[in-house]
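>>> Here's a sequence, model it:
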Amino acid sequence: MFAKRKLGRSGWGFFTRERRPRHSARAKRLRRFEPLEPRLMLATDVSGSVEGVWNLAGSPYRLVGHTTVEQGKTLTIEPGVQVTTNLFNHNRNIFDFTIDGTLNVTDASFINYAVLIVQSGGTLNMTGTSLSGANVTNESSRLWFEPGGSGQITGSTFNIAVFQYSGTKAEPLVSFSDNTFTWWRPVYTYGALVEEFYDNTFNYSGGVSTITIAGGTLTEDSTWQVVGTASQYRIGAVTVASGTTLTIEPGVQVTTRLYNHDRNIFDFTIDGTLNVTDASFVNYTNLIVRSGGMLSLT
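Below is the predicted model of the structure:
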């Protein structure tokens, strides 16, 4: 739009002259354009069988389908690399990252949806890595060690659940040390394997975090204790075997996973010895001391 400027008066009355804006062709040629914002980093899409090295130049790496490190293969994820997923597949299932070979991860991050499954014969070595996404709606991010899986997990931060069902207390296949767990249900494991997690930090900002003990027979002496915010133990149907001792230390709260599929309360059966000091059993409790068993409550 042009502005008009009154100049004067003549016999013909008032007249005006158009004034053009001060944007000459030369000024336009000299005008500087603001630099564009840096474009978003392009993701490297991956799926199927993977091996080799994922480096910072290719980050972020996005899982667009089920992904596997096959038996005999090794994948190394280098520092600074970010791994994410393409949300859900058409069945609303999270894409799995399955480890049948070896996955080595150092100072990397798994964001949004992360499902790492270490299968029998597979190995996961992880240091200084963060795994988040457990607080995202409609998802079930997790790290899962199936029986026979192995690994060493150190100095990492988990805002997702860890399922550890591999090895025994006497012959461990997986070790966790100096890690931080911030999720409210951070660990799912067996009654004796839970001791593997005591050399870690549990720090759930919402209050008490819950360790879930899978049902089964406890055949190795074990102690359940409070570690940071992890003071509640949620159990399935647990049996303390003959000749085995379970000690529950002060401050621990034991609860059950409500009912099983037959709507029966899960039993806590004692064929061996159960020693409990300054702890509590809440919600559903069904302690059964059978012949030869011993229960000490203080």
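
>>> Show me what the spatially closest residue to Phe281 that is not a sequence neighbour bridges to in the sheet.
Spatial nearest neighbour of Phe281, excluding adjacent residues (C-beta to C-beta, 6 or more residues apart in numbering): Val254 at 4.9 Å. For every residue, glycine as well, the C-beta is placed using N, CA and C. Taking DSSP bridges as the rule, Val254 bridges to Tyr233, Phe281.

>>> my guess is Val254 meets Asn283, correct?
No. Val254 is beyond contact range of Asn283, at 9.2 Å (criterion: C-beta atoms under 8 Å).

>>> and these two? which has more neighbours close in?
Val254 (21 against 12; other C-beta atoms under 10 Å).

>>> show me where this structure has helices.
For the chain, the helices defined by DSSP state H cover 25-30.

>>> Give the residue spans of it that score low on pLDDT.
The chain contains residues with pLDDT under 70 at 1-41, 86-94, 134-140, 258-264.

>>> Point to the residue nearest the middle of it.
Ile160 (2.3 Å; C-alpha atoms, centre = their mean).

>>> check contacts around that one.
Ala114, Leu131, Ser132, Gly133, Ala134, Ser141, Arg142, Leu143, Trp183 (C-beta atoms under 8 Å, 6 or more residues apart in numbering).

>>> Relative to Val187, how far out is it?
11 Å (C-beta to C-beta, to the nearest Å).

>>> Just the contacts of Ile160: which are in strands?
Leu131, Arg142, Leu143 (DSSP state E).

>>> Ser242 reaches Thr273, doesn't it?
No. Counting by C-beta under 8 Å, Thr273 is not a contact partner of Ser242; they are 9.3 Å apart.

>>> Have a look at these two and say which one is more surrounded.
Legend: neighbour count by other C-beta under 10 Å for Ser242 and Thr273, higher for Thr273 (19 against 15).

>>> Contact partners for that one?
Val240, Thr244, Thr245, Leu246, Gly293, Met294, Leu295, Ser296.

>>> Leaving aside the residues adjacent along the chain, what's closest to Arg185?
Using C-beta to C-beta, 6+ apart, the closest residue to Arg185 is Thr210 (5.0 Å).

>>> And Ala170, by the same measure?
Glu220 (6.3 Å).

>>> Next, work out how far apart that neighbour and Pro172 are.
From Glu220 to Pro172 the distance is 11 Å (C-beta to C-beta).

>>> just Tyr284 next, same as before
Counting by C-beta to C-beta - Tyr284 and Pro172 are separated by 31 Å.

>>> swap in Val81?
Taken as C-beta to C-beta, the span from Val81 to Pro172 is 28 Å.

>>> neighbour-wise, which of those two wins?
Comparing Val81 with Pro172 by other C-beta under 10 Å, the one with more neighbours is Val81, at 24 against 15.

>>> unless I'm mixing things up, the more buried one is touching Ser59, no?
Yes. Counting by C-beta under 8 Å, Val81 touches Ser59, with 4.5 Å between them.

>>> rewinding a little: distance to Val226 and neighbour count for the contacts of Ile160 - can I get that in CSV?
Putting those into CSV (distance: C-beta to C-beta, whole Å; neighbours: other C-beta atoms under 10 Å) gives the following:
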residue, distance to Val226, neighbour count
Ala114, 28, 26
Leu131, 24, 25
Ser132, 25, 19
Gly133, 27, 20
Ala134, 22, 20
Ser141, 26, 24
Arg142, 24, 20
Leu143, 23, 23
Trp183, 17, 22
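
>>> Out of those residues, the closest to Ser177 would be?
Checking the contacts of Ile160 against Ser177 with C-beta to C-beta, the nearest one is Leu143 at 15.1 Å.
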